[in-house]
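**Q** Dropping a prediction and its sequence here:
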Amino acid sequence: MEQHIQHLYEVLSKVQGYIYPNEIELRWSVLIVLYPYITGLVAGAFITASLERIFKVKILKTTYHIALLTAFAFMLVATMPLISHLGKPFRAYEIMITPHFSSAMAIFGFIYLWYLMAVLFLEIWFDYRRDLVIWANKTTGFKRFLYKVLSLWSTDISPKAVALDDKIGYIITIIGIPSAFLLHGYVGFIFGSIKANPWWSTVLMPVIFIFSAMVSGIALVMLIYIVLTKIRKKILDMACMDSIAMYLFYILVIDFTLEGLDQIHRIYVAEESFEVLHNLVFGKLFISLFIMQGLLGTIVPLITLGIFQFYKPKESVRKLAYLIVSILVLVGIFFMRWNVVIGGQLFSKSFSGYTSYKTGLIGSEGYLMAAVWLIVPFLILVFLLWLFPPWKKIDVDHDL
């Protein structure tokens, strides 16, 4: 009780102007920031994978399976920040089994199950079924048993069966592309449909979320491929990296343009909320918006990748630049989510005051818990890469 009172006094000391009592403490914490961030990584990674399979960008074949496994690993954890945020997390499964079609949050349960099971899981299964059969015959012990279970004890790897697998996987990928847009676009829809909050209420919010998801997903795949290649002590496929960087640059340009258009529209319309938003942007959100998201997360990557479209320095320089750019983009998109979720709660509905966001290191919604849900997907990805090594799959393809 004393700690809660002390925490309240600390928050009150940072309140500026007039603010309603129920607005002093923010209801949505850093965990809610992670939720759209992780789902964006899922959607973006899947779209990156679809570039090779659907749009026949064969130069990206090196990263196809990495992108697919990355999307699946992060999808398994996508709901955990929300569940951790709930007062009764053990009731979270009810959102997926209780039809409630008038609730955007309830519909997420169905979208999540559809995307996880009907899209990602099935695409990976059909893509790896032949390899699971082959690996089951080449391995021993528990791993052999695991491969047999995952292949559902199938043994048919004839050209006809493999062709059918590829055809079904292709159809699933086609279905998965609009599903990926729906998965993350609805997150922006939730924020954009809150009319009472002028920071969120914009028809561009779902579109901005979709393109920022594509940006973050491409950057994540780029980062993982660079790190994975370094760990395996292999040679980086620079042609593939240059192509990924090109797509990242184009999508980043579109994302930057949309966000800029949104801000220009706000400035031009200048509604009654303009002054409070202006003070918010140049006050409490200055560092996170202009420095972290704008300068480091957008402008620096845009200039770097833009230069590389016309002039390509030696490979060692590009490798380092791509590593730094991918990290900066991921940080920038995280702060974009932060500025939306946290920033939209820092000003009062009276348009006359501001509060502050303060949380601890530990606790159910502390930074440590947030770090856990950022680390767990990478641990899952390590396991998936061990179980479904893309480099061994490529060797099998060549052998056949």
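**A** Arrived safely. Numbering: from 1, shown residues only.
**Q** State the pLDDT value of Leu374.
**A** Leu374 carries a pLDDT value of 94.
**Q** Tell me the spacing between it and Val77.
**A** Taking C-beta to C-beta, to the nearest Å as the measure, Leu374 and Val77 are separated by 9 Å. For every residue, glycine as well, the C-beta is placed using N, CA and C.
**Q** okay, and the common contacts of the two?
**A** Listed contacts common to Leu374 and Val77 are Ile38; contacts here mean C-beta atoms under 8 Å, 6 or more residues apart in numbering.
**Q** between the two, which one's more packed in?
**A** With neighbours defined as other C-beta atoms under 10 Å, Leu374 and Val77 compare such that Val77 has more, 22 against 16.
**Q** wait, isn't that one in contact with Tyr37?
**A** No - in this structure Val77 lies outside contact range of Tyr37 using C-beta atoms under 8 Å: 11.2 Å.
**Q** what's the single longest helix in this protein?
**A** In the chain, assigned by DSSP state H, the helix with the most residues is helix 159-192.
**Q** what's the distance between Val187 and Pro178?
**A** Noted for Val187: a distance of 15 Å to Pro178, by C-beta to C-beta.
**Q** which of the two has more neighbours?
**A** Neighbours were tallied for Val187 and for Pro178 using other C-beta under 10 Å; the higher tally belongs to Val187 (24 against 10).
**Q** quick one, what contacts that one?
**A** Contact partners of Val187, counting by C-beta under 8 Å, 6+ apart, are 35-36, 39-40, 206, 209.
**Q** And for Lys58?
**A** With C-beta under 8 Å, 6+ apart as the criterion, the residues that contact Lys58 are Glu52.
**Q** what do you get for Thr139?
**A** With contacts defined as C-beta under 8 Å, 6+ apart, the neighbours of Thr139 are Tyr147.
**Q** quick one, phi psi at it?
**A** Main-chain dihedrals, Thr139, degrees, to the nearest 10: phi -110, psi 170.
**Q** any idea how far the residue nearest in space to the middle of the chain lies from Arg27?
**A** With the centre of the chain defined as its mean C-alpha position, the nearest residue by C-alpha atoms, centre = their mean is Leu41, 1.9 Å away. In this view, Leu41 and Arg27 are 24 Å apart by C-beta to C-beta.
**Q** now swap in Asp131 and tell me
**A** With the distance defined as C-beta to C-beta, Asp131 ends up 47 Å from Arg27.
**Q** Neighbour count for the two, which is higher?
**A** With other C-beta under 10 Å as the criterion, Asp131 and Arg27 differ in neighbour count, and Asp131 comes out ahead with 21 against 9.
**Q** hang on, isn't that one packed against Pro389?
**A** No - with contact defined as C-beta under 8 Å, Asp131 does not reach Pro389; the gap is 9.3 Å.
**Q** OK, contacts around Thr202?
**A** For Thr202, the set of contacting residues under the criterion of C-beta under 8 Å, 6+ apart consists of 192, 262, 265-266.
**Q** Once you drop chain neighbours, what's closest to Ile218?
**A** Counting by C-beta to C-beta, 6 or more residues apart in numbering, Ile218 lies nearest to Leu248, which is 4.6 Å off, once chain neighbours are set aside.
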